[in-house]
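Enquirer: any chance you could fold what I've pasted below:
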Amino acid sequence: MAQEKKQTDELTGSQMKAITELIAGSTVAAAAEASGVDRRSIYRWLRDDHEFIAALNLGRSEVWQANIDLRAELERAALHRLREILDGDDNALAYRACALLVRESTESRPSGETDPEVLRAKASSTLLMAKLGEEVAKGNAKRGYRLGIDPPPERE
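Expert: Presented below is the predicted three-dimensional model:
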């Protein structure tokens, strides 16, 4: 296949078509067929062509953001509809709507520290406090022995 003239700054028309197909969820084979190239070309672009990879990633990011925006819009519409149900005359339906809202609002999000340095510091602090507690219980802490470094003197 002859070298195709670049349609945009760095991408050919075939590459643009392949990106569109991949973003839409097509397989590499289907994207290759739709863009008129061999699937090995797309695999090569995915591996070696930085402009192709960047354009594909940008397209995927734009689709992702559009989906987030749509989800937020649908959630707002759903909450408005639930408000209408709660304000309506059907008590059984309003009760079910309340139960749904309470269940959804009380589900907790995952939590926990995500910074390994903070986790290490907390673990170190916890260990130090545990050693201090042991030394106080043994009566060594008040004598000034460094925790975990110097052994306590032998008892007679």
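Enquirer: how near is residue 40 to residue 25?
Expert: Per CB to CB, to the nearest Å, residue 40 is found 21 Å from residue 25. C-beta coordinates here come from the backbone N, C-alpha and C atoms, glycine included.
Enquirer: also residue 51?
Expert: Using CB to CB, we find residue 51 at a distance of 22 Å from residue 25.
Enquirer: among the two, which residue is more densely surrounded?
Expert: Neighbour count, other CB atoms under 10 Å: between residue 51 and residue 25, residue 51 has more, with 14 against 9.
Enquirer: which is the next helix or strand following the helix or strand containing the more buried one?
Expert: Per DSSP states H and E: residue 51 is located in helix 50-87. In the C-terminal direction, the helix or strand that comes right after helix 50-87 (DSSP H and E) is helix 91-106.
Enquirer: okay, angle between that next one and helix 50-87 too, please.
Expert: 140 degrees (axes from the mean of the first three to the mean of the last three CA atoms, to 10 degrees).
Enquirer: contacts for helix 91-106, please.
Expert: If you take CB atoms under 8 Å, 6 or more residues apart in numbering as the criterion, helix 91-106 is touched by 82, 85-86, 88.
Enquirer: what subset of those residues is buried?
Expert: In the contacts of helix 91-106, burial by neighbour count holds for 82, 85, counting by 16 or more other CB atoms under 10 Å.
Enquirer: send me stretch 44-54 as PDB with only the CA atoms.
Expert: Only the C-alpha atoms of stretch 44-54 are listed here, as PDB (Å, rounded to 0.1, in the frame of the first residue of the first chain):
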ATOM      1  CA  ARG A  44       1.900  -1.100  14.600                       C
ATOM      2  CA  TRP A  45       0.300   2.400  15.100                       C
ATOM      3  CA  LEU A  46      -0.800   1.400  18.600                       C
ATOM      4  CA  ARG A  47       2.700   0.300  19.400                       C
ATOM      5  CA  ASP A  48       4.900   2.800  17.600                       C
ATOM      6  CA  ASP A  49       3.000   5.900  16.400                       C
ATOM      7  CA  HIS A  50       2.900   8.400  19.200                       C
ATOM      8  CA  GLU A  51       0.600  10.800  17.300                       C
ATOM      9  CA  PHE A  52      -1.800   8.000  16.700                       C
ATOM     10  CA  ILE A  53      -1.700   6.900  20.400                       C
ATOM     11  CA  ALA A  54      -2.100  10.400  21.700                       C
END
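Enquirer: list the contacts of it.
Expert: Here stretch 44-54 makes contact (CB under 8 Å, 6+ apart) with 9-11, 15, 18-19, 28, 56.
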